[in-house]
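> got a predicted model here, sequence first, then my questions.
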Amino acid sequence: MCGIVAYVGHRQASEVIIKGLKRLEYRGYDSTGIALLNGALNVYKKKGKVSELESYLKGLDLDSHIGMGHTRWATHGEPSDENAHPHYSATKNLAIIHNGIIENYAALKQELLRKGHQFLSETDTEVFIHFIEDIKEKEKCPLDEAVRLALSRVVGAYAIVVMSFENPDLLIAARKGSPLVVGVGKGEFFMASDATPIVEYTNEVVYLNDQEIAIVDNGKLTIKNVANLPLTPYIQTIDIELEAIEKGGYEHFMLKEIFEQPRSIQDCMRGRLDAASNRLILGGLREYIQKLVHADRILIVACGTSWHAGLVAEYFFEEFCRIPTEVEYASEFRYRNPIIREGDVVIAISQSGETADTLAAIELAKSKGAIIFGVCNVVGSSIPRMTHAGAYTHAGPEIGVASTKAFTAQLTVLNMIALIVARQKGTITEQKYHEMLVEMENIPAKVERALALNDTIKTLAAEFKDVRNFLYLGRGYNFPVALEGALKLKEISYIHAEGYPAAEMKHGPIALIDHEMPVVFIATKDSSYEKVVSNIQEVKARKGRVIAVVTEGDTQIPKMAEFTLAVPPTIEPLMPLISVIPLQLLSYHIAVLRGANVDQPRNLAKSVTVE
């Protein structure tokens, strides 16, 4: 949530910043703004989308080679022009953009009010820049030192960029708990929440660590920490292609990312899995793999779609590895005083690698002596830096807020981890192990076949676009898929939907079923098939409308269901990789037909960097 872009160099700063803000729209926001230094330190900001800011800027003198922009997701203060970033200091000589929350802002504000400061917004961020300027004037120190001193006193999470009217070549950035990357070009520098606004101009970046400050002054980059110790910038080369963050002819990023899944699953396995030689390697696990093999218990912490992937992984680890596994909401984990022992292994799952709740859960688990494995998509993000070991999903950038390809990539990595551990523990036969590897190699082609249902699902969506409620039911490995299908529909179409284990239907939800209630069954051929058939009969008896995801060749359920969507067969543990595809497409097409903003659903953010 929230997006930062800043630039200093030889280009027109406004063009770089506006384009960058559009690249960050996927993060979720409700207002936007830009600051430019052109004769004065000018701030322009508007409630609404970047396009509205663009319209507001038309005809204005935007000639400047230094500037910064922001997309805000409201925390302190409702969405408004006044609460949008950037914010001025008291003298308007300084401006700031900020992601995160300053938890002790109220106390700082009272201190500043007693000194005569006046505030134009309700935000913690405006208090922050007033506080920085107050320190600068009181201590008679350079701006970077004032920023450092201010950071040592604030409590909370932040990624900030500060500009100064008095220093026309100076940008100061810092982070704690919220991502910030510095792009290093030829005679120019970029700062952003992630690499997507930067890749068009340079592939060399510095990922700031917590409590680090980056100072760009007169074409030179300096990094130090809040304790004032100088640090050597570690420049990394990123390999994101520009095409990966553009729609490529698709109407929405979400649809593009759904259709990218055969490739993203393949990319996830590339160089790691080779069934012909019976080889499966995850290099990022090698040093700590024995900790997993000998784990007394596995705790999986995640949020949202990643939590659903963790629920599927619970089946993997218990079936193949015979290790007790618990799946926790990261957002609740540290607030219930969990029992964590030194023999425990914690697996943290996050698409962005910046999920604040998951990072907090990792911090707690590490303090109790647990070994932490990370599964995430974004190289250089916070979770890979905080964990002992882990694996990237290599799904490529996911711009749509509703996660699709990240889910199937996470399942692929988690299944590979479980198979490696199971083989080393001796809890899987060589025959079953080889069968799993062979079938995993077949999954991308089978996902491609499932995607061929797109036109059928588009027609089906028209039938249900105006309903008010949906129920999703599944059993075993397909129960988390039911939860994920319901979440996707809620996220982007705003239709109320719930997922349940199919057997739980008669313990309450069955009371909701009538002729207006669509019920989606994930009813593929597996060990629970006959039970699911019985559940379908229960719904039909109450005149519910049945949509069933079935296995190709099924002749029984199509006679019972009003609509069926047939997907290719696979072995039971891998079916979620295929059965989720029709549910993603159904939610997408219903949302489009309802006129919803599919890629940027209301109130949601891609990367939830505050608790």
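Thanks, I have it. Residues are numbered from 1 along each chain as shown.
> residue 556 - how many residues pack around it?
Using other C-beta atoms under 10 Å, residue 556 has 14 other residues around it. From N, CA and C alone the C-beta is placed, and that goes for glycine too.
> and if you look at residue 72?
Quick note: residue 72 (other C-beta under 10 Å) scores 28 neighbours.
> and residue 537, what does it touch?
By C-beta atoms under 8 Å, 6 or more residues apart in numbering, residue 537 lies in contact with residue 560.
> tell me if I am right that it is in a helix.
Yes - under DSSP: H, G, I helix; E, B strand; the rest coil, residue 537 sits within a helix.
> what distance do you get for the residue lying closest to residue 40 once chain neighbours are set aside to residue 294?
In space, and not counting its chain neighbours, residue 40 is closest to residue 165: 6.9 Å by C-beta to C-beta, 6 or more residues apart in numbering. For residue 165, the distance to residue 294 equals 60 Å [C-beta to C-beta, to the nearest Å].
> more neighbours, those two?
Comparing residue 165 with residue 294 by other C-beta under 10 Å, the one with more neighbours is residue 165, at 17 against 13.
> so the more buried one makes contact with residue 94?
Yes - between residue 165 and residue 94 there is a contact under C-beta atoms under 8 Å: 7.4 Å.
> how about the helices in the stretch 151-300 of the chain?
253-259, 261-269, 289-293 (DSSP state H, counting those that start in this stretch).
> what is the last one packed up against?
Helix 289-293 is packed against strand 371-376, helix 405-425, with contacts defined by 3 or more C-beta pairs under 8 Å, 6 or more residues apart in numbering; DSSP states H and E.
> 10 Å instead, please
Other helices and strands packing on helix 289-293, by 3 or more C-beta pairs under 10 Å, 6 or more residues apart in numbering; DSSP states H and E, are strand 344-350, strand 371-376, strand 389-392, helix 405-425.
> how far off centre is that helix?
Computed by C-alpha atoms, centre = their mean, to the nearest Å, the chain-centroid distance of helix 289-293 equals 27 Å.
> could you list the buried residues of it?
Of all the residues in helix 289-293, those buried under the rule 16 or more other C-beta atoms under 10 Å are 289, 291-293.
> assign residue 121 to helix, strand or coil.
Using three-state DSSP, the structure places residue 121 in coil.
> name the residues that touch stretch 57-67?
5-18, 34-39, 41-42, 44, 46, 86, 95, 161, 163-164, 167-171, 188-189, 216 (C-beta atoms under 10 Å, 6 or more residues apart in numbering).
> picking that back up, of all the helices of the stretch 151-300 of the chain, which one comes closest to residue 486?
Of all the helices of the stretch 151-300 of the chain, helix 253-259 sits nearest to residue 486, with 16.5 Å by C-beta to C-beta.
> tell me the buried residues in the closest one?
Residues of helix 253-259 classed as buried by neighbour count (16+ other C-beta under 10 Å): 253-259.
> likewise for stretch 148-160?
Within stretch 148-160, the residues scored as buried using 16+ other C-beta under 10 Å are 148-151, 154, 156-160.
> so how far is that stretch from its chain's centroid?
With C-alpha atoms, centre = their mean, you get 24 Å for stretch 148-160.
> okay, the helices and strands packed on helix 289-293, which one's buried deepest?
With neighbours defined as mean count of other C-beta atoms under 10 Å, these peak in mean count at strand 344-350, which reaches a mean of 28.
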